[in-house]
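Q: Sequence isn't available, so here's the structure alone:
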C-alpha cells in the first residue's frame with residue numbers, strides 16, 4: 001500500500017457487536033505484567049526493565065547485521081506467529097503512573 005501507517009487508520013479487520021468477545025479462543029496468548037517501581041522511577045514488564053541499545057535496533061535489523069533477539073535484552077522481544085489471533089493481556093496496566 002502507498003498509504004502511510006497512521007494510528008487513526010488502525011482498526012479491526014471486521015466489526016463485532018461486542019469488541020470484547022472473541023469468536024473463539026486466541027491462537028496465541030501473551031501476558032505482559034506491568035509494574036512501576038517508584039523508588040527508582042522505572043517501569044518493569046514481566047520483571048524486566050527496558051535498557052535502550054547504543055544503536056537503533058531497527059537500523060541494525062534493516063542493515064541485516066543482526067536479528068532483533070540478538071540485540072535486545074532477554075525478554076524484550078516477543079516473536080508473534082503470523083496469521084494467528086493474538087491476545088495480549090496487560091495486568092497492572094491500570095496503574096495511575098502513565099505508561100512506559
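A: Thanks, I have it. Just so it is clear, the model here is predicted, and its values are computed rather than measured. Residues are numbered from 1 along each chain as shown.

Q: Now the least confident helix or strand in the chain by mean pLDDT: buried residues?
A: Within the chain, no helix or strand scores below helix 68-71, which has a mean of 70 by mean pLDDT, DSSP states H and E. For helix 68-71, burial by neighbour count (16 or more other Cβ atoms under 10 Å) applies to residue 71. The way it works is simple: take the backbone N, C-alpha and C, and place the C-beta from them, glycine included.

Q: which other residues reach it?
A: Helix 68-71 has contacts (Cβ atoms under 8 Å, 6 or more residues apart in numbering) with 53, 57, 60, 61, 77, 79.

Q: Note down every partner strand of the very next helix or strand once past it and its orientation.
A: Next helix or strand after helix 68-71 toward the C-terminus (DSSP states H and E): strand 86-89. With DSSP bridges as the test, strand 86-89 is paired with strand 28-31 (parallel).

Q: For the partner strand, give me every contacting residue.
A: 46, 78, 80, 81, 84, 85, 86, 87, 88, 89, 91.

Q: May I have the residues that are in contact with the third one?
A: Taking Cβ under 8 Å, 6+ apart as the contact definition, residue 80 lies against 28, 30, 86.

Q: can we see that at 6 Å?
A: The neighbours of residue 80, taking Cβ atoms under 6 Å, 6 or more residues apart in numbering as the test, are residue 86.

Q: now the fourth one
A: For residue 81, the contact set (Cβ under 6 Å, 6+ apart) comprises residue 28.

Q: distance of it from residue 27?
A: 7 Å (Cβ to Cβ, to the nearest Å).

Q: and what of the fifth one?
A: Look at residue 84 and residue 27: by Cβ to Cβ, they are 4 Å apart.

Q: neighbour-wise, which of these two wins?
A: Per other Cβ atoms under 10 Å, whichever of residue 84 and residue 27 has more neighbours is residue 27, with 12 against 9.

Q: Surely the more buried one and residue 87 touch.
A: No: with contact defined as Cβ atoms under 6 Å, residue 27 does not reach residue 87; the gap is 8.6 Å.

Q: which residues of the chain fall in strands?
A: 28-31, 34-37, 42-45, 86-89 (DSSP state E).
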